[in-house]
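>>> Okay, here's the prediction I keep looking at, along with the sequence it came from:
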Amino acid sequence: MVVPAEEAVMKPKTAKQKKFEDQLDAFVDRVEAQVWFTKIIAARFVVDKLVQFSPIWSGAYIKSHRLGIGRKDRSHEPYITVEGFESMMARRLTPSAMIRVIEYVTDKLKDQAFDIKKNTDYVHITNSIPYGDQVEYLGWSGWSKEGGQVAMDSTRAYHTYAKARLALIANKKGILAKAKTNVEKVKSGKYTARQAD
């Protein structure tokens, strides 16, 4: 027998039903927060590994790593400078300039990871420099002494992105554990998302 809509009356929720719904909402919130933190931590981990595995000569390649959220970041700025040294394409960096470039790139990209707002945000980490594929798959030995041309070394592909991906896979349990810990820190009210990481 079908009850007409006007006769159908919603019964008030029992205390047990209300408690179950509250517990379910809290569980969903916790899972969503953990997924969000996992994305941020994974992106920051990959940035560290990319910088670690990147060749560095003039600084143009390492500074062309890009972190895009929801889309690829195709911006390109190989001539950018970091205070204290000349155009990135001009010469090999001194050791102190290399350290500044590495710190600049790492801090900039890791900070961008906190721009991930939703669990649905897709994170793209790419390199925008024109010879990025050559560094990854063919090898690269920096600038030759003759006229500043890129000297290719086909015997040594860097596999920068492949190594970073493998490191991410190898560390997935640690990343998930850190995400869980960060959710608890934020839930305690003593930390913001940035402080927890």
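Looks like it came in fine.

>>> Could you use CA atoms for every contact and neighbour count after this?
OK.

>>> buried set for the strand or helix carrying T181?
Following DSSP states H and E, the helix or strand that holds T181 is helix 172-187. Along helix 172-187, these residues count as buried under the neighbour rule (16 or more other Cα atoms under 10 Å): I175, L176, K178, A179, K180, T181, N182, V183, E184, K185, V186.

>>> Quick check, the last one in contact with T192.
Yes: look at V186 against T192 with Cα atoms under 8 Å: they come within range, at 5.8 Å.

>>> what's the distance between the spatially most central residue of the chain and L50?
Within the chain, the residue whose C-alpha comes closest to the C-alpha centroid is A43; the distance, by Cα atoms, centre = their mean, is 2.2 Å. According to Cα to Cα, to the nearest Å, A43 stands 10 Å off from L50.

>>> go on, L138?
When Cα to Cα is applied, the distance between L138 and L50 equals 17 Å.

>>> out of the two, which sits in the busier spot?
Relative neighbour count places L50 above the other of L138 and L50, with 24 against 17, counting by other Cα atoms under 10 Å.

>>> Contacts only, for the more buried one.
The neighbours of L50, taking Cα atoms under 8 Å, 6 or more residues apart in numbering as the test, are T160, Y161, A164.

>>> Among those residues, which are located in strands?
The strands, defined by DSSP state E, take in nothing from the contacts of L50.

>>> which strands and helices sit next to the one helix or strand in the chain whose mean pLDDT sits lowest?
Averaged element by element with mean pLDDT, DSSP states H and E, the chain has its least confident helix or strand at helix 193-196 (a mean of 74). Contacting helix 193-196 under the criterion 3 or more Cα pairs under 8 Å, 6 or more residues apart in numbering; DSSP states H and E are the following elements: helix 172-187.

>>> neighbouring contacts of the helix it packs on?
Helix 172-187 is contacted by residues 30, 33-35, 37-38, 41-42, 191-193, 196-197 when judged by Cα under 8 Å, 6+ apart.

>>> model confidence over that helix, on average?
Per-residue pLDDT over helix 172-187 has a mean of 89.

>>> same check, this time on stretch 63-70
Rounded to a whole number, the mean pLDDT of stretch 63-70 is 86.
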